[in-house]
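Novice: Sequence first, predicted coordinates after that:
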There are 2 protein chains.
Amino acid sequence: MGPCPSDSSKQPVITAEDMPSQAPASQKRPNAFTELMNARAKKPRPSDSPSDSPEQSSKSTYTKAKTAVGFSDPRDGLIVYIEHPERNPDGRVVEYDDDFVVIRDKFPKASVHLLILPRDPSLYFRHPLELLSNDPAFLSKIQTYVSRLTDLAASELRRQYGADSASDAPYQSALEAMMSSPDPPSPSARAALLPPGRDWRADVVAGVHTHPSMNHLHIHILSREQHSPWVKHKKHYLSFNTSFLVQLHEFPLEEGSVRFHPGKWPNWDMTCWRCGQNFGNQFKKLKAHLEEEFETWKRE
Amino acid sequence: MGPCPSDSSKQPVITAEDMPSQAPASQKRPNAFTELMNARAKKPRPSDSPSDSPEQSSKSTYTKAKTAVGFSDPRDGLIVYIEHPERNPDGRVVEYDDDFVVIRDKFPKASVHLLILPRDPSLYFRHPLELLSNDPAFLSKIQTYVSRLTDLAASELRRQYGADSASDAPYQSALEAMMSSPDPPSPSARAALLPPGRDWRADVVAGVHTHPSMNHLHIHILSREQHSPWVKHKKHYLSFNTSFLVQLHEFPLEEGSVRFHPGKWPNWDMTCWRCGQNFGNQFKKLKAHLEEEFETWKRE
DNA sequence: TATTCCGATAGTGAC
DNA sequence: GTCACTATCGGAATGAG
C-alpha cells in the first residue's frame, strides 16, 4: 500500500494492532473499540437484558412523552445513542457499558471528535459545570474515561497523519521495520519496543461546553487542530477555543466561578489556536488560515 | 402582430406615431426623442462646436484631474452623459440641448425611469433640495422639462401596458379603428380625435433624493409601480417611496425643513405604495407582493 | 451554545 | 444615498406517516 493522499485518509481504520498499549483498552472490550471505530460491528452490552433496567421503561416513557406533545426536538438527538447503543445508530457508537456510551460526533469539529454520554437518566439534564464541580465520584469516572479515550484519539491522529509527521518518523519507521521482520512481536508487546515518536496526546483536548445546545449531558474529546468541514461559523470555533470550553483538567471549578457565566462570548474575537493571530469576526479568513496551519501542524 | 406577453414588451418601441400630441415634443426635436428612446440614433447638439464653450475645456480638465489621481469614481458615472451626450453612451440618451441631458436610468427602478441631468458645471454638485428651493428660475426650467417628460413616460407606460389595461380600452380600440381607417389622420391630429383612456400620467412621479449617491445633479422621472429587477434591496425601495424622495411639486421647501435631514431613513418600514401594507424589513415579501400588485395595477 | 435554509445586514472594492 | 460581491448575522423550522 502506498501513502494515502491526505484528503482521503480520514476513514477510521484503527485495528487492534494499532492500539497503543498504554491505552487500558482491555477494560472496555478493545475489540468492540476497534470494530466500532470502524463503524462495522457492535456488541450487545452484557447487562442489556430486557428486564433489568427500570430506567429503560422510564426512558421510553420520557421519549414517548416528548413525541406525544408534537415533533421531536433535534436537541434531543443524543438520546437514541444513550438508550440504544446496541443498535449502533448511524454506525457512530465506539463503545458502551452500563454507565456510558461513547460515540463519534455526527458533526465532528476536528479530525477526531468523540462524545462521552452518561446513561444515568438522573444526569441527563444536569448542568455539566455544576455536576463536574460538585460530584467528585462522577468527575473521577469521567477522568478515567477521558484518559483512555485521549489515547484512542491520539492513536487515531497517528493513523491519519503519522505518515506526514516529521517527529513521528522514528516511530513510523521502527513500526514498519518491526512489522516486516520475520517474527513480529504481539500487539501488546509492540509499544514497549517502539520509540515514542510524536506525542499525539498533546493535540487532544477534553471538556464540556458552558451552555450545551444538545440537551443530554455530553463530554467532548477532540483533536485541537479544528480541521473539519463542520467548523462552519464563529460559534463552532469559539465554543472549542475559548473559556466557553471548560477542559476536564480545570475541574472542579470553584463555587461562583465566572466560568459559569461567560456573558456575550459569541462576540469574542476568534484567534488562531496555534499562532494566536486575531481574526476578529472574520471567520472565512480564519478558515483559510486554519487550512495553512493544519498543513504545518500535521507535518510537525 | 399578436399581443405581446407582458414580460417581453419592455423594449422601448415608441415611434413618432405614438407620441401624444399634448407632449410639446416639437420644442425638442421630436425625432431625436423617439429615435433616442429606441437607442438607435442621436443627433449632435447644434452648439457642439469645439470652440464656443469655455466650460468644455474646464470640464475636460476636471475629468482629467479626477482620473489623474487614480481611477474614476463610480459615483461620477453620470458625467459622460453630461459632457458627451452626442456619443449617446450605452444608447441611454433620450434627448439633450445646451442645458440638459435626459437619459434612461442605467438601473431603472420602474418600468420607466428617466434622469434629467443639468449640464451647467456650476450646478453639478449643488444639493438638489437647496437648489430647487432657492433658485426659482432653475425650478421653473425643471418643471417645464418634467411636465413634458412626464407625458413621455406616460406614453411609454401606455405602450407597455395599454393592451392589458381595462380603463385604457376605449383609447386603444379607438386608436386601432383610426389607424385601420382608409385615411388615418396625421399624428399631431390624432390625440384630439381619441378618447382620453387611462390617465397614465397619474402613475408617473418626479423628484430628487435627499442624499443622492451619484455625484452629479440629477432629477428622477419614473413610474410609481416599482416593477423592476433592479429594485434589489430595501434602500432601493425606500428611496422612491418615502419622504426621502422630494417630489418636484413639493418645491420650494421652506427654509429649515425637516426634509433636509431625514435621519435614519434606511431603518424605516417598507410599505406597499399601492395598498399601504407594512412589510417592516421584509424585502423579499414586499417584492413578492409588488409582483401581485403589478399584475393588478397594469390591468386597471 | 444541534443543523439547515433563508434572508437581512454590513463592509469592501470598483475605477 | 451607485452596483456587485462576499460574508456576517439573524430568525425559524427541524418528524413521521
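Specialist: Sure thing, it's come through. Numbering: from 1, shown residues only, chains lettered A, B, ... in the order given.
Novice: ok, residues contacting stretch A:287-300?
Specialist: A:6, A:161, A:164-167, A:198, A:203, A:225-227, A:231, A:272-275, A:277, A:279 (C-beta atoms under 8 Å, 6 or more residues apart in numbering or on different chains). C-beta here means a position set from N, CA and C on the backbone, and glycine is covered the same way.
Novice: burial of whatever residue of the stretch 1-150 of chain A ends up closest to DNA strand D, as a residue count?
Specialist: Nearest residue of the stretch 1-150 of chain A to DNA strand D, counting by C-beta to the nearest atom of the strand: A:P74, 3.8 Å away. The number of residues packed near A:P74 is 9, by other C-beta atoms under 10 Å in any protein chain shown.
Novice: gap between it and DNA strand C?
Specialist: 4 Å (C-beta to the nearest atom of the strand, to the nearest Å).
Novice: Quick one: residues contacting the closest residue to DNA strand C within the stretch 101-250 of chain A.
Specialist: As assessed by C-beta to the nearest atom of the strand, DNA strand C sits closest to A:K235 within the stretch 101-250 of chain A, at 1.6 Å. Applying C-beta under 8 Å, 6+ apart, we find A:K235 in contact with A:P266.
Novice: Put the alpha carbons of the stretch of helix or strand it belongs to into PDB.
Specialist: A:K235 belongs to helix A:234-241 when assigned by DSSP states H and E. Output in PDB follows, covering the C-alpha atoms of helix A:234-241 (Å, rounded to 0.1, in the frame of the first residue of the first chain):
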ATOM      1  CA  LYS A 234     -17.800  31.600  14.500                       C
ATOM      2  CA  LYS A 235     -19.600  29.900  17.400                       C
ATOM      3  CA  HIS A 236     -18.400  26.500  16.200                       C
ATOM      4  CA  TYR A 237     -14.800  27.700  16.500                       C
ATOM      5  CA  LEU A 238     -15.200  29.800  19.700                       C
ATOM      6  CA  SER A 239     -17.000  27.000  21.500                       C
ATOM      7  CA  PHE A 240     -13.900  24.900  21.400                       C
ATOM      8  CA  ASN A 241     -11.200  27.700  21.600                       C
END
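Novice: what element comes up after that helix heading to the C-terminus?
Specialist: Trace forward from helix A:234-241 with DSSP H and E and the next one is strand A:245-247.
Novice: The following helix or strand past that next one - what's its average pLDDT?
Specialist: The helix or strand immediately downstream of strand A:245-247 is helix A:283-298, counting by DSSP H and E. Confidence for helix A:283-298, expressed as mean pLDDT, is 98.
Novice: again with stretch A:162-171
Specialist: pLDDT averaged over stretch A:162-171 gives 98.
Novice: Endpoints of that stretch, how far apart?
Specialist: Using C-alpha to C-alpha, to the nearest Å, the end-to-end distance of stretch A:162-171 comes out at 9 Å.
Novice: what does that stretch contact?
Specialist: A:3-4, A:6, A:158, A:161, A:172, A:194-198, A:200, A:298-300.
Novice: From those, list just the buried residues.
Specialist: A:R158, A:Y161, A:Q172, A:L194, A:G197, A:R198, A:W200, A:K298 (16 or more other C-beta atoms under 10 Å in any protein chain shown).
Novice: Correct me if wrong: the fourth one contacts A:A174.
Specialist: When you say that, I think you mean A:L194. Yes: between A:L194 and A:A174 a contact is recorded at 5.0 Å, counting by C-beta atoms under 8 Å.
Novice: touching DNA strand D at all, stretch A:76-95?
Specialist: No: using C-beta under 7 Å from any atom of the strand, we find that stretch A:76-95 stays clear of DNA strand D, coming within 9.0 Å at best.
Novice: Give the full set of residues in contact with the residue of the stretch 1-150 of chain A closest to DNA strand D.
Specialist: Per C-beta under 8 Å, 6+ apart, neighbours of A:P74: none.
Novice: same thing with A:R126?
Specialist: A:R126 touches A:L217, counting by C-beta under 8 Å, 6+ apart.
Novice: Can you name the residues bridging to the spatially most central residue of chain A?
Specialist: Geometric centre of chain A, nearest residue: A:L114, 2.1 Å, by C-alpha atoms, centre = their mean. Counting by DSSP bridges, A:L114 forms beta bridges with A:R104, A:I221.
Novice: Can you give me the neighbour number for the residue lying closest to A:D76 once chain neighbours are set aside?
Specialist: Counting by C-beta to C-beta, 6 or more residues apart in numbering or on different chains, A:D76 lies nearest to A:N215, which is 5.3 Å off, once chain neighbours are set aside. If you count neighbours by other C-beta under 10 Å, A:N215 ends up with 16.
Novice: Next up, identify which helix or strand A:Q143 is on.
Specialist: helix A:136-161.
Novice: for A:V205, same thing?
Specialist: For A:V205, the element it lies in under DSSP H and E is strand A:204-209.
Novice: List the contacts of that strand.
Specialist: A:112, A:128-129, A:132, A:146, A:149-150, A:153-154, A:157, A:218-224, A:239-240, A:244-248, A:250.
Novice: Neighbouring strands - and their directions - for that strand?
Specialist: Sheet pairing for strand A:204-209, using DSSP bridges, gives strand A:219-223 (antiparallel), strand A:245-247 (antiparallel).
Novice: now, of those strands, which is deepest in the fold?
Specialist: strand A:219-223 (a mean of 24; mean count of other C-beta atoms under 10 Å in any protein chain shown).
Novice: Report the rounded mean pLDDT for that one.
Specialist: On average, strand A:219-223 scores 98.
Novice: how about it, does it reach DNA strand C?
Specialist: No: using C-beta under 7 Å from any atom of the strand, strand A:219-223 never reaches DNA strand C; the gap is at least 10.4 Å.
Novice: and that strand with helix A:136-161, angle?
Specialist: Following axes from the mean of the first three to the mean of the last three C-alpha atoms, to 10 degrees, one obtains 30 degrees for the angle between strand A:219-223 and helix A:136-161.
Novice: Could the C-alpha coordinates of strand A:219-223 be exported in CSV?
Specialist: In CSV, the C-alpha atoms belonging to strand A:219-223 read as follows (Å, rounded to 0.1, in the frame of the first residue of the first chain):
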residue,chain,number,x,y,z
ILE,A,219,-18.3,15.4,27.3
HIS,A,220,-16.2,16.3,24.2
ILE,A,221,-12.9,14.7,23.3
LEU,A,222,-11.4,16.1,20.2
SER,A,223,-8.2,17.0,18.5
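Novice: List the residues that contact the closest residue to A:F251 other than its chain neighbours.
Specialist: Leaving out its chain neighbours, the residue that sits closest to A:F251 by C-beta to C-beta, 6+ apart is A:L132, at 4.4 Å. Counting by C-beta under 8 Å, 6+ apart, A:L132 touches A:F138, A:L139, A:I142, A:V208, A:V246, A:L248, A:F251, A:P252, A:L253.
Novice: near DNA strand C too, which of the residues you listed?
Specialist: Counting by C-beta under 7 Å from any atom of the strand, no member of the contacts of A:L132 reaches DNA strand C.
Novice: And A:C4, what's its pLDDT?
Specialist: 31.
Novice: Could you grab the helix/strand/coil label for the residue of chain A positioned farthest from its centre?
Specialist: Distance from the C-alpha centroid of chain A peaks at A:P182, with 36.5 Å (C-alpha atoms, centre = their mean). What DSSP: H, G, I helix; E, B strand; the rest coil gives for A:P182 is coil.
Novice: Ramachandran coordinates for it?
Specialist: A:P182 adopts backbone torsions of phi -60, psi -30, taken as degrees, to the nearest 10.
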